[in-house]
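[1] The following comprises the amino acid sequence and a computationally predicted model.
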Amino acid sequence: MARTKLQFYFLATGFVFLALFSGLVLRTLTHEDDRPTRETSNFLVRTSWTVFKVSSMVTTLFLAAICFHISSIRASKYHTLPSILLFYIMNQMLRLFSGSVLRKFDASAKDPRRAQEEFLISRMQRDANTAYGKRHRFSNIKSLEDLRNSHPLTSYDHYEEYIQRMADGEKNVLICEDMVRFGITSGTTGKGKLIPIPKSRNSTQVNPIQILWQAAIRRKYGIPSPLQKDIILYVNPKPTKTPGGDVVGPMHLYTDDMKFIITQMVSVPWEATSISTEHEAHYLTLLFGLRDPDIGRWMGPFSSQIHKAMSKVENHWEQFVHDIKTGTVDKDLMISTEVREACEKALLPEPERAEELRREFEKGFNGIMRRVWPHLKYIFGINTADFTQKLEEKYAKGVPIVAPAYSSTEGDYGINLWYDEDKYALLPSLCIYEFIPVKNIDEADPKTLLLDEVKKGETYEMFVSPLCGFYRYRFGDVIKVVDFYYNLPVIKFMYRSGQLLNLRAEKVTELSVDEAVQHMVNSITETKITNWISAENTLLSGMSEAIDLVEYEEGSQFYLIFVELEGEGNGSIALDKKHQQQFDEALQERNNYYKGYRNAGTISPPRVYLVKPGTFKALQDYIIANSTASYNQFKMPRKLKTAGTLKLMLDSRVV
């Protein structure tokens, strides 16, 4: 392993501290420093002098050990002195506290009901004097049973009035603590929701959640050296402000107070984080990432985004190589003069690295991430639309892809302690959980189960009471209990209740449609699915031109499925009646209610359409332009909900 210039500095400094230590030891052994103690009989003076000598020796030896350690581990040559010190200290602190955090978590896992009761009491004490707490008599709620009996199940509509008052600047409305800012949900499956982010959530994110998932990764795969840098995909979501002056933006948002730490984690200049267009922002992130062979982590946050970024490398690798070789930025990038100057100032010509990359790219792109970043420990990316599998099959062969946490804008719900699959142990000290069996979710007032009342193998809709001030909140996630960690449920996300295809109470899940689409496409050689999306024909009723776009009889009900394919000849492939029948039969096999309605003729055959290459990128751009979604938090929905998105997909069909 070649040392960087800064590491040679630490190596030399280590020898200096070692020499100082040796000198202190020698002077102590020869009693040269004992004169102050010999000239006085004062016990306190003699003791203080001895303590000073010992502490000086311990300190110099400790500093020498740190310098030698820093000089011996893998490091990015793009680190500065402040960033090396910052990341080394942060990493050691995380390791120092990991033992106690894991012990506390295990204690809560052994008695999760007690942890839930304690969390509830802390929440009631925090918010009892808020407008919401007084209305719902929080001072009288002493247990989870009290909460279930006295507080209704809620949805976002229940809190809108309170959120608006908070946005206008009123205090002690929903939570009785200072806020960091407002988060906003993606809005890809509906209108974006404003969510308070209290300071307590920020502190807990930095403490147990981060420590827990890093400890789990360390056990499974090891962790990068604290001196390796990261690649983090980020597009500036253009935050706004409320009338009361609070910042509003998605969870993945860089603010000015994060400048120092972000610029130490990554190599791309801070000015580049102001870019709000996906192509330009990701190009610069990739450019600065590709020049560093010692990258330790890739962070998405979604596997679909990472796959798209690596496709960009594959399609534009010659431009990347040119820019790294010459120390310039692609002249066709639509970026400001300020951003271009900052990037070109930081991007020195590196012809050797450019040639190294050229050789690897010319070999092909199977396993390219491991080849251009040989010391990459893992990829952080939550699986969406099977893009994790696509990454593993091509670009990321041999690199672990992990989804460390289960969370949303509203709160943090689970931690992945295993990484063999996407399953999560719940967090009983950070959120209250309630569950309704899926067979009962349509009841007017269903009885909920608490965390210690669920059963392995059963599927539930989950309700949460997170730190943001929402209680018994229905956010639409359906989960399955797959195991227990001690007495703590381990869950797997199944689907969002709002993503079901449901014309006549058949409730066809995303998983069923996905498997049926896969079954259909498997009969087409030399191609794979890029993406798919669905709609119910009821959406056509709001479109005056619907009769010209889709042939159907008045009163009929059916699904519309849009599929984009990749592979050779993807522009000329056609889906015929045979393929539609294959999809229909596969879907009937996976949902008996749908099969019954199809046999009775009350649901008509589905319309399955192939769309042109690039359609889903156009759909993403359309949704982001017409909603509160940002590129950083975008997840492609599985069900269209607006006439505009349906029109875009119908206009993109391969005829």
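    That came through fine.
[2] C-alpha from now on. contacts and neighbour counts both.
    Noted.
[3] after the helix or strand containing residue 200, next one along is what?
    In this assignment (DSSP states H and E), residue 200 forms part of helix 199-204. Where DSSP H and E defines the elements, the next helix or strand beyond helix 199-204 is helix 210-221.
[4] Just the buried residues of that following helix, please?
    For helix 210-221, a neighbour-count test (16 or more other C-alpha atoms under 10 Å) marks 210-217 as buried.
[5] can you tell me the average pLDDT over the helix holding residue 200?
    Mean per-residue pLDDT for helix 199-204: 68.
[6] same thing with stretch 461-481?
    So the average pLDDT for stretch 461-481 ends up being 93.
[7] quick one: buried residues of it?
    461-475, 477-481.
[8] related to what we said a few turns ago, with pLDDT and distance to residue 369 as added columns, please give the buried residues of helix 210-221 in TSV.
    Shown next, in TSV, are the buried residues of helix 210-221 (pLDDT from 0 to 100; distance: C-alpha to C-alpha, whole Å):
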residue	pLDDT	distance to residue 369
210	75	25
211	77	26
212	80	26
213	77	23
214	76	22
215	76	24
216	77	23
217	78	19
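[9] out of those residues, who's nearest residue 176?
    Of all these, residue 210 has the smallest distance to residue 176: 25.2 Å, by C-alpha to C-alpha.
[10] Okay, the closest one and residue 216: tell me how far apart.
    From residue 210 across to residue 216, the span is 10 Å (C-alpha to C-alpha, to the nearest Å).
[11] Next: residue 592.
    On the measure of C-alpha to C-alpha, residue 592 and residue 216 end up 40 Å apart.
[12] again, but for residue 433
    From residue 433 to residue 216 the distance is 23 Å (C-alpha to C-alpha).
[13] chain center to the lengthiest strand in the chain: distance?
    In the chain, assigned by DSSP state E, the strand with the most residues is strand 473-485. Taking the mean of its C-alpha atoms, strand 473-485 sits 18 Å from the chain's own mean (C-alpha atoms, centre = their mean, to the nearest Å).
[14] would you put the C-alpha positions of that strand in CSV?
    Output of strand 473-485 as CSV, limited to C-alpha atoms (Å, rounded to 0.1, in the frame of the first residue of the first chain):
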residue,chain,number,x,y,z
TYR,A,473,-50.1,7.1,12.4
ARG,A,474,-51.1,5.2,9.2
PHE,A,475,-48.5,5.6,6.6
GLY,A,476,-49.4,2.7,4.4
ASP,A,477,-46.6,0.2,4.8
VAL,A,478,-47.5,-3.5,4.9
ILE,A,479,-44.9,-5.7,6.6
LYS,A,480,-44.4,-9.4,7.3
VAL,A,481,-42.9,-10.7,10.6
VAL,A,482,-40.1,-13.0,9.4
ASP,A,483,-38.2,-13.7,12.6
PHE,A,484,-37.4,-12.4,16.2
TYR,A,485,-34.2,-10.9,17.5
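[15] quick check: angle from the helix or strand following that strand to strand 473-485?
    Note on strand 473-485: by DSSP H and E, the next helix or strand toward the C-terminus is strand 488-496. Strand 488-496 and strand 473-485 are oriented at 130 degrees to each other (axes from the mean of the first three to the mean of the last three C-alpha atoms, to 10 degrees).
[16] elements contacting strand 488-496?
    strand 424-426, strand 473-485, helix 510-521 (3 or more C-alpha pairs under 8 Å, 6 or more residues apart in numbering; DSSP states H and E).
[17] Distance from the chain centre to the last one, please.
    Right, helix 510-521. The answer for helix 510-521 is 25 Å, by C-alpha atoms, centre = their mean.
[18] Buried residues, that helix. List them.
    Result for helix 510-521 [16+ other C-alpha under 10 Å]: buried residues 510, 512-514, 516-517, 519-521.
[19] Reformat those residues as CSV; add pLDDT.
    Formatted as CSV, the buried residues of helix 510-521 follow (pLDDT from 0 to 100):
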residue, pLDDT
510, 84
512, 88
513, 90
514, 88
516, 91
517, 90
519, 90
520, 90
521, 88
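[20] where does residue 602 fall, phi/psi-wise?
    phi -80, psi -20 (degrees, to the nearest 10).
[21] quick one, what contacts it?
    556-557 (C-alpha atoms under 8 Å, 6 or more residues apart in numbering).
[22] Then residue 248?
    So residue 248 contacts 181-184, 194, 239-242 (C-alpha under 8 Å, 6+ apart).
[23] next one: residue 65
    Applying C-alpha under 8 Å, 6+ apart, the residues near residue 65 are residue 14.
[24] got it, and residue 179?
    Counting by C-alpha under 8 Å, 6+ apart, residue 179 has contacts 196-199.
[25] and if we set it to 10 Å?
    If a contact means C-alpha atoms under 10 Å, 6 or more residues apart in numbering, then residue 179 has 166, 171, 196-202, 246, 468 as its contacts.
[26] what does residue 345 give?
    Residue 345 touches 269, 327-328, 339, counting by C-alpha under 10 Å, 6+ apart.
[27] Now do stretch 418-428: distance from first to last residue.
    Chord length of stretch 418-428, first to last residue, is 18 Å (C-alpha to C-alpha).
[28] Stretch 107-115 too?
    9 Å.
[29] now what about that stretch, what contacts it?
    101-103, 105-106, 116, 118-120, 144, 425-432, 450-453, 484-489.
[30] just how off-centre is that stretch within its chain?
    26 Å.
[31] for the contacts of residue 345, which one is nearest residue 277?
    For the contacts of residue 345, the nearest to residue 277 is residue 339 (13.1 Å; C-alpha to C-alpha).
[32] The closest one: neighbouring residues, count only.
    The tally of other residues near residue 339 (other C-alpha atoms under 10 Å) stands at 17.
[33] Need the pLDDT of it.
    93.
[34] Assign a three-state SS to it, would you?
    What DSSP: H, G, I helix; E, B strand; the rest coil gives for residue 339 is helix.
[35] Now do the SS call for the closest residue in space to it that isn't next to it in sequence.
    In this structure, residue 339 finds its nearest non-sequential neighbour in residue 271, 5.4 Å apart by C-alpha to C-alpha, 6 or more residues apart in numbering. Secondary structure, three-state DSSP: residue 271 is helix.
[36] dump the residue contacts of residue 271.
    Residue 271 neighbours (C-alpha under 10 Å, 6+ apart): 259, 263, 336, 338-343.
[37] Restrict those residues to the buried ones and give me that as a PyMOL selection.
    The following PyMOL line selects those of those that are buried, judged by 16+ other C-alpha under 10 Å:
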select buried, resi 263+339+340+343
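[38] Tell me the one among the contacts of residue 271 nearest to residue 313.
    residue 343 (18.4 Å).
[39] after the helix or strand containing that closest one, next one along is what?
    Residue 343 belongs to helix 337-346 when elements are defined using DSSP H and E. Next helix or strand after helix 337-346 toward the C-terminus (DSSP H and E): helix 351-362.
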